[in-house]
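predicted model follows, preceded by the sequence.
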Amino acid sequence: RNANQVELFCNARESELVPNSKLEGKKIFVCSEYVRQVTFGLSQEFGVAREVVGNYAHFSTWKEQQSPDNLEGNILTAAYLDPQDALFFQEPSKPVAIYSHTFTAKRVVEPTV
């Protein structure tokens, strides 16, 4: 058990539908979201909660495919240091970790009865 309580704060969100000429009129949907996560848990000191703060940015891209029932996606997550961290002032605007995942989404059609 790592946390008793997790609070998420969305600080900014943007999205845009971009035409893509390379895919013959297919569109690309892009989205960005900036999130602050505060995790509260038990600490060694009685009566004082442990607090861990994380700052993240998520960048998502969805691309139309040849089939209208398929989408290809990518999500990139960047983790940033908090101003309270000792290393923050060495690189305040650069992420300390980046995760990238690609995926495919396919529309599932439920059979009619």
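It's in. Numbering: from 1, shown residues only.

and the helix or strand where residue 16 lies, what does it pack onto?
When secondary structure is defined using DSSP states H and E, the element that contains residue 16 is strand 5-19. Counting contacts by 3 or more Cβ pairs under 8 Å, 6 or more residues apart in numbering; DSSP states H and E, the secondary-structure elements packed against strand 5-19 are strand 27-41. Heads up, the C-betas are built off the backbone N, CA and C, glycines and all.

what sits up against the strand it packs on?
By Cβ atoms under 8 Å, 6 or more residues apart in numbering, the residues outside strand 27-41 that reach it are 1-20, 49-64.

okay, and the beta partners of the nearest residue to residue 60 once chain neighbours are set aside?
Using Cβ to Cβ, 6 or more residues apart in numbering and skipping the chain neighbours, the partner closest in space to residue 60 is residue 31 (4.5 Å). Listed beta-bridge partners, residue 31: residue 15, residue 60 (assigned using DSSP bridges).

for residue 31, the count of nearby residues, please.
A count of neighbours around residue 31, defined by other Cβ atoms under 10 Å, yields 14.

ditto for residue 51
Around residue 51 sit 12 other residues, with neighbours defined as other Cβ under 10 Å.

cool, and residue 59?
A count of nearby residues for residue 59, using other Cβ under 10 Å, gives 16.

and if you look at residue 109?
Other residues near residue 109 come to 7 when the count uses other Cβ under 10 Å.

give the contact list for the residue nearest the centre of the chain.
Ranked by distance to the mean C-alpha position of the chain (Cα atoms, centre = their mean), the top residue is residue 58 at 2.8 Å. Residue 58 makes contact with 31-35, 75-77, according to Cβ under 8 Å, 6+ apart.
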